[in-house]
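Trainee: Sharing a sequence plus its predicted fold:
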Amino acid sequence: MQRFADFADDPAILDGAKIKIDDVLNQELVIIGYAVKDSKFSKNKSGKYLTLQVKIDSEKRVLFTGSDVLIEQMEKYGEKIPFFAVIRKVDRFYTLS
């Protein structure tokens, strides 16, 4: 008999306590997971939002953002997870460095 995990193609659930992006600005984080989905609230150009799973002091956390820059960066570099990164605010947008 098969196990559900053997044939299910649903992405892994990103768990952890929810935090605000401004609470982790300029801190080194470990990026451990992400998901990009269509947003119900099209406040950005892409119409998408990012769920980012991070590890801070060995605790899993998740944050949500509509930052098109962060979405593009995660879509481009997401296959390199896990990695260390710092979220910075430059003018009116967020970026990884």
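Mentor: Perfect, I can see it now.
Trainee: partners of the longest strand along the chain in the sheet?
Mentor: The longest strand of the chain (DSSP state E) is strand 28-38. According to DSSP bridges, strand 28-38 has the following sheet partners: strand 48-56 (antiparallel), strand 83-90 (antiparallel).
Trainee: Pick the most deeply packed of those strands.
Mentor: Compared across those, strand 48-56 shows the largest average neighbour count, a mean of 20 (mean count of other Cβ atoms under 10 Å). C-beta coordinates here come from the backbone N, C-alpha and C atoms, glycine included.
Trainee: Could you give the average pLDDT over it?
Mentor: Mean pLDDT, strand 48-56: 93.
Trainee: what's the very next helix or strand once past that strand packed up against?
Mentor: Scanning forward in sequence from strand 48-56 by DSSP states H and E, the next helix or strand is strand 59-65. Applying 3 or more Cβ pairs under 8 Å, 6 or more residues apart in numbering; DSSP states H and E, one finds that strand 59-65 contacts strand 17-18, strand 48-56.
Trainee: Redo those strands as a markdown table? Include distance to G78.
Mentor: Output for these, formatted as a markdown table (distance: least, Cβ to Cβ, whole Å):
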| stretch | distance to G78 |
| --- | --- |
| strand 17-18 | 20 |
| strand 48-56 | 10 |
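Trainee: follow-up on the earlier one: can I get the strands paired with strand 28-38 in a markdown table with distance to L25?
Mentor: Formatted as a markdown table, the strands paired with strand 28-38 follow (distance: least, Cβ to Cβ, whole Å):
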| stretch | distance to L25 |
| --- | --- |
| strand 48-56 | 12 |
| strand 83-90 | 6 |
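Trainee: Mind giving me the packing neighbours of the longest helix anywhere in the chain?
Mentor: Ranked by residue count under DSSP state H, the longest helix found in the chain is helix 68-77. On a contact count with 3+ Cβ pairs under 8 Å, 6+ apart, helix 68-77 meets strand 28-38, strand 48-56, strand 93-96.
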